[in-house]
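Asker: Next one to model:
(one chain, ligands or ions: 1)
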Amino acid sequence: VTGRGDLPAPPVTPLRWVGGWQDGSLEVLDQTLLPVEERVLVRRRANEVIEDIRRLAIRGAPLLGIAGAYAVVLAAREAIESGVGAAAFRPALKSAAARIGAARPTAVNLASGVSDVLFASEAGADPAACAGLALERARALEQRERAACESIARHGAKLLAGKGRILTHCNAGALVTPGLGTALAPIYALHHRGAKVHVWVDETRPLLQGLRLTSYELTRAGVPHTVVGDGAAPGLMRRGQVDAAIVGADRICANGDVVNKVGTYGVALACRAHGIPFYVAAPLSTFDAGTARGEDVVIEERRGDGRVYLKPGTSPDAVSTAEPAFDVTPADLVTAYLTEEGVKPGPRGK
Ligand code: MRU
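Answerer: Numbers count the residues shown, from 1 in each chain. A predicted model of the protein is given here:
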């Protein structure tokens, strides 16, 4: 992928469909191994993609939607190859789609990407036509999300102009989209244009998406950044070292509540306390008009994951941990939402 004039090429490609529906496969950059190893897995079965989603080899809201969409194509091919017959094909695909859509509960994009492709496939006259339509729709979704990233980059670069010290939480960059990302997209645009930017990267406990992944892709892009412990952000703000915070989202509810990586709420509260703008960047596909407010969203609990980063001996063996993967930031802490359509003020920014 090459850059487009005012925008650079994405620093990394996390997912790629290669081939047609009959012979194609999904190439997956295994994000659990980054930054130490860049291993690309070749997936030909829907269950492999489900497992990759569960173990976070594929992660982040927009990418989950696209992976889910391609997994439906794989499921359609598997149903055809198993010889289920035309009558049983649709129920088989529907049940596979339900399993794919339920692989992780919180990001709205996964369930919506899957049901969009399933719906499009239903117009096919026979199973082969259904599989072909599913692939067409998955490709269109990928293209749409790539274009959304470019628009977010351009609108966001205007929004952040002159705010050179930017804090972000978790990873909402090229690794979670087929393009430049969401929260990181404006930063890539500004850097590409020669603006002076420096990113404070929250390490993002417990799975360290900031330390491992945001830092990995900012390094590849040559964007200056510094990783800090999650608890350091309020202190940086108090010392006047942060001009703005920008994060992605896994789901934005009808009332504007933002569901995002655990720790986001704390960043928003600290921004409010210090009069610093708090921006949420997300494509329209992450807005869920069907969910009234943050409290209605199922927050994934990742049992035991928190122990992954602890060296043996760091804690008593029997220590009990609670590991919500996400939290809810109430709409009234949001200065503005940044989407492909532009900047929409949140209650705090009005
Ligand atoms: O659990 P993850 O790594 O899939 O969570 C992803 C996030 O919360 C991202 O930071 C994000 O903002 C959503 S994806 C743009």
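Asker: use CA for all of it now, contacts and neighbours both
Answerer: Will do.
Asker: Backbone dihedrals for the closest residue to the ligand within the stretch 101-250 of the chain, please?
Answerer: Residue nearest to the ligand within the stretch 101-250 of the chain: residue 248 (3.2 Å; CA to the nearest ligand atom). Here is the backbone geometry of residue 248 (degrees, to the nearest 10): phi -90, psi -160.
Asker: Please give me every residue in contact with it.
Answerer: 171, 172, 182, 183, 260, 280, 281, 282 (CA atoms under 8 Å, 6 or more residues apart in numbering).
Asker: Quick one: residues in contact with stretch 212-225.
Answerer: Taking CA under 8 Å, 6+ apart as the rule, stretch 212-225 contacts 11-12, 31, 34-35, 170-175, 188, 191, 197-201, 203, 227.
Asker: ok, for the most centrally placed residue in the chain, nearest residue in space, not its chain neighbours?
Answerer: Central residue of the chain (CA atoms, centre = their mean): residue 60, 2.3 Å from the mean position. Leaving aside its sequence neighbours, residue 60 sits nearest to residue 176 (CA to CA, 6 or more residues apart in numbering; 4.7 Å).
Asker: State the number of residues packed around that neighbour.
Answerer: 25 (other CA atoms under 10 Å).
Asker: thought it was touching residue 13?
Answerer: No. Using CA atoms under 8 Å, residue 176 is not in contact with residue 13; the gap is 9.3 Å.
Asker: Smallest distance to the ligand belongs to which residue of the stretch 51-200 of the chain?
Answerer: residue 60 (3.6 Å).
Asker: what's the spacing between the residue of the stretch 101-250 of the chain closest to the ligand and residue 177?
Answerer: For residue 248, the distance to residue 177 equals 11 Å [CA to CA, to the nearest Å].
Asker: in the chain, which spans are strands?
Answerer: Assigned by DSSP state E, the chain shows strands spanning 15-18, 25-29, 40-43, 165-168, 198-202, 225-228, 244-247, 251-253, 258-261, 278-281, 287-288, 326-329, 336-339, 342-345.
Asker: Between the ones you listed, which one is closest to residue 83.
Answerer: strand 25-29 (20.0 Å; CA to CA).
Asker: Can you name every helix or strand that the closest one contacts?
Answerer: Judged by 3 or more CA pairs under 8 Å, 6 or more residues apart in numbering; DSSP states H and E, the packing partners of strand 25-29 are strand 15-18, strand 40-43.
Asker: what's the closest of the ones you listed to the ligand?
Answerer: strand 15-18 (14.3 Å).
Asker: any idea of the pLDDT on residue 2?
Answerer: Residue 2 carries a pLDDT score of 55 in this model.
Asker: Look up phi and psi at the nearest residue to residue 181 once chain neighbours are set aside.
Answerer: Nearest residue to residue 181 in three dimensions, chain neighbours excluded: residue 173, at 3.7 Å (CA to CA, 6+ apart). Note on residue 173: its backbone torsions stand at phi -120, psi -150 [degrees, to the nearest 10].
Asker: my guess is residue 173 contacts residue 180, does it?
Answerer: Yes. When contacts are counted by CA under 8 Å, residue 173 is listed as touching residue 180 (6.1 Å).
Asker: Same drill for those two, tell me which one is more crowded.
Answerer: Per other CA under 10 Å, whichever of residue 173 and residue 180 has more neighbours is residue 180, with 32 against 29.
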